[in-house]
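Undergrad: What would the 3D arrangement of this be:
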Amino acid sequence: MAAEDSSKTAVVEDQEGYVDKERKRTILENRAKIDEVAESVFPGKAREEYPEEYACRMYHEPVRTYLMSIEPLLRDFSLKGAEDAYLNAPLGKVTLAPPPEFQSMPGEAEQIKDRGFRLLSDPIEPETKRIEGLKEVIEREGYSETWKVHINWIRGYEKKHDPPQWQTVSAEEHMPRMALINAVRVADEFLQEANVGLSVGGSQETEADYSDIDEVDSF
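TA: Predicted coordinates:
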């Protein structure tokens with residue numbers, strides 16, 4: 001009797017569409033988690049229990065998880081609105097600003113003394129960046145910018161005797177709250193319009209949709 005060919009790949013049939021049902025259920029659960037975290041995090045921020053950046057970081061995680069669960073759909077540009085939502089949808093802006101002392105030229109000796117240095121290069125303008133596409137929310141934690149400034153220190157015995165020097169100034173910002181909120185809206189609208197058998201957009205709607213999972217077409 002010939003030995004069985006162990007190299008053959010086993011095939012598992014999914015006659016009931018269980019995989020697709022579970023995938024949809026996961027998406028709905030991820031969407032509901034966003035509302036749950038928002039209801040916990042943002043009131044705490046309003047009560048000043050923690051800073052805005054912490055609240056945004058906490059909120060970003062469930063938003064990213066939700067977007068990652070629908071990313072295969074977003075990358076299917078044959079679906080209505082997929083390419084726009086994934087790559088081009090305007091989500092907001094983020095402004096990266098250097099420390100205030102580098103944004104203007106002091107006009108008096110006393111102001112220069114307070115700063116501790118003379119600014120020899122031009123003042124730095126804050127940099128505004130556009131946030132576009134759900135892909136950016138998935139892949140980016142935040143934004144950063146660096147500038148070179150020419151300064152002459154006047155404070156401190158050693159520094160006062162140093163020649164003018166170039167210094168790197170940087171600014172960092174997490175993904176803004178409004179961009180995250182807009183990302184969820186864009187994702188919800190995409191799922192509605194793409195006709196993939198999912199209807200989301202809030203905790204009540206999401207909960208109601210669980211009963212419809214068996215009735216929708218697979219994707």
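Undergrad: how about the helices in the chain?
TA: Listed in chain order, the helices found in the chain under DSSP state H are 18-46, 52-74, 82-83, 109-115, 134-139, 157-160, 177-194, 203-209.
Undergrad: Can you pull out the residues in contact with the fourth one?
TA: Outside helix 109-115, the residues within contact range by CB atoms under 8 Å, 6 or more residues apart in numbering are 101, 106, 118, 154-155. Glycine gets a C-beta too; all of them are placed from N, C-alpha and C.
Undergrad: can you tell me how far the spatially most central residue of the chain sits from Glu61?
TA: With the centre of the chain defined as its mean C-alpha position, the nearest residue by CA atoms, centre = their mean is Val137, 3.3 Å away. To Glu61, Val137 is 11 Å away according to CB to CB, to the nearest Å.
Undergrad: do Phe42 as well
TA: Using CB to CB, one gets 14 Å for the distance from Phe42 to Glu61.
Undergrad: same deal with Ser78?
TA: Spatial separation of Ser78 from Glu61 under the definition CB to CB is 30 Å.
Undergrad: for Asp122, same thing?
TA: For Asp122, the distance to Glu61 - CB to CB - is 39 Å.
Undergrad: Also Ile124?
TA: The value you get for Ile124 to Glu61, if CB to CB is used, is 32 Å.
Undergrad: Restrict the contacts of helix 109-115 to the buried ones and give me that as a ChimeraX selection.
TA: For anyone working in ChimeraX, the buried entries among those, judged by 16 or more other CB atoms under 10 Å, can be selected with:
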select :101,106,118
